[in-house]
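Student: Structure of the sequence below:
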Amino acid sequence: MTKTKLITAIILIASFLSCDKNKPDDLFEYGKFSKYEEFSSNLTERATSVHFLDDKNGFATTYNGNILKTIDGGLNWESYFVTDLPLYSVRFIDDKIGFAVGGKSSCGGSGCIVPGSIVFKTEDFGENWTKQDIPYKWSELYSVSFVNENIGFAVGHWYQIKTTDGGKTWEQFAFEKDGIMKKISFINSQTGFCAGTYIYKTSNQGKNWIKSANESDGFIHDFCFVNEKVGYACGNKKIVKTIDGGETWKILKNSPSEVYFIHFSDLENGIAIGNGHYTGGCYGTWTKAIYWTNDGGLTWKMEDNIEFDNVSSFFDKNVGYSVTYNKTFKIRMK
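Tutor: Numbering: from 1, shown residues only. Alright, predicted model coming up:
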């Protein structure tokens, strides 16, 4: 082999090795979570969000602008096409009224659908959906949440809107610092949180939002609260925890990263769903994994190579669903 060919071979090998992403952290004990059941379903497209109201009734959104409805625990889904734009979140206030949000912040060529944020409302448990009149923004809405039948919020790509009349009218509002917000949710009638680039808290139904002190600079994809004091948030970096009602968030040093769904049933028991390990090489993929803790997040176990992912919803503190192509998974915490 000539010197030139040898150097070329070394460069190619180095390039290949550089594509080998990190493997699962050794600090996680491997095992089988085993607290989930698998069912076949008629779902033929990937859901972007899911919201179950009880053991039977649930809704999901898709990137293709469909809202899906099940009345048998995720075995069968009926599809309602409502828009040409992607939908990212659906939530119900009661057994009749619900909202779905989405949109698109870019246009991929001539003749494409004009992008922008969108909000839809149903008043008959998802049988019909009406597009709402909102301030136009070349943006996307990722999450919707209502305090009561009148006060609601939707947040997304540098864009936040609020209604005080049940969705009849919407107006924009601003945080202290702009950013992408992936989730908004209220834990009681007054207190709510919004998270993404930053974590914000309101204690007065969204009249004012205060930026929380977060020890991590990681992007937040999801959060949950066990009670009004203790909560967890996850994203592209390690999980953070609050014990003072969301005023401050501290890193759980032994927790996983690159997780996109989190749920705790009580102060000790929780799960997180996200990436497992990279299969290797320049064209590998990330596996899906579920992590669980029985000591409030101090230590975590891991089951790698699961079939479901972060499109999940818990209607009860101990029971929830995760949906994927052709399958629904029922998850139990106990």
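
Student: all helices for this structure, in order.
Tutor: 3-18 (DSSP state H).

Student: Any stretches of it with poor pLDDT?
Tutor: 1-26, 109-111 (pLDDT under 70).

Student: try it again with 80
Tutor: Counting by pLDDT under 80, the chain contains low-confidence ranges at 1-27, 108-114.

Student: Tell me the backbone dihedrals of the closest residue to Asp54 other than its chain neighbours, please.
Tutor: Using Cβ to Cβ, 6 or more residues apart in numbering and skipping the chain neighbours, the partner closest in space to Asp54 is Phe315 (5.4 Å). Backbone N, C-alpha and C define where each C-beta goes, glycine included. Phi and psi for Phe315, reported as degrees, to the nearest 10, are phi -90, psi -20.

Student: Let me see the contact set for Phe315.
Tutor: Phe315 is in contact with Phe52, Leu53, Asp54, Asp55, Gly58, Tyr321, counting by Cβ atoms under 8 Å, 6 or more residues apart in numbering.

Student: do Asn76 as well
Tutor: The contact partners of Asn76, by Cβ under 8 Å, 6+ apart, come to Ser41, Asn42, Thr70.

Student: one more time with 10 Å
Tutor: Counting by Cβ atoms under 10 Å, 6 or more residues apart in numbering, Asn76 makes contact with Ser41, Asn42, Leu43, Leu68, Lys69, Thr70, Thr328.

Student: sorry, back to before: out of the contacts of Phe315, name the ones that lie in strands.
Tutor: Using DSSP state E, the members of those that fall in strands are Phe52, Gly58, Tyr321.

Student: Output the residues you listed in a markdown table, with distance to Asn227 and neighbour count appended to each entry.
Tutor: Putting those into a markdown table (distance: Cβ to Cβ, whole Å; neighbours: other Cβ atoms under 10 Å) gives the following:
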| residue | distance to Asn227 | neighbour count |
| --- | --- | --- |
| Phe52 | 22 | 24 |
| Gly58 | 25 | 25 |
| Tyr321 | 23 | 25 |
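
Student: now those in JSON lines, with distance to Val240?
Tutor: Output for the ones in strands among the contacts of Phe315, formatted as JSON lines (distance: Cβ to Cβ, whole Å):
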{"residue": "Phe52", "distance to Val240": "26"}
{"residue": "Gly58", "distance to Val240": "29"}
{"residue": "Tyr321", "distance to Val240": "26"}
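
Student: Next, work out how far apart Gly65 and Ser49 are.
Tutor: Separation of Gly65 from Ser49 (Cβ to Cβ, to the nearest Å) stands at 13 Å.

Student: where does Ser185 sit relative to Trp286, distance-wise?
Tutor: 26 Å.

Student: So for the two, which residue has more residues nearby?
Tutor: Using other Cβ atoms under 10 Å as the criterion, Ser185 and Trp286 rank with Ser185 on top: 17 against 13.

Student: Let me know how buried Arg91 is, in neighbour terms.
Tutor: When neighbours are counted by other Cβ under 10 Å, Arg91 registers 22.

Student: how far away is it from Thr197?
Tutor: 22 Å.

Student: can you check Gly245 too?
Tutor: Distance, Gly245 to Thr197, using Cβ to Cβ: 21 Å.

Student: now swap in Phe225 and tell me
Tutor: 20 Å.

Student: The two: which has the busier surroundings?
Tutor: Neighbour tally, Phe225 and Thr197, criterion other Cβ under 10 Å: the higher count belongs to Phe225, 20 against 17.

Student: Look up the closest residue to that one, ignoring the ones flanking it.
Tutor: Gly231 (3.9 Å).

Student: Show me the beta-bridge partners of that neighbour.
Tutor: Gly231 has these beta-bridge partners by DSSP bridges: Phe225, Thr242.
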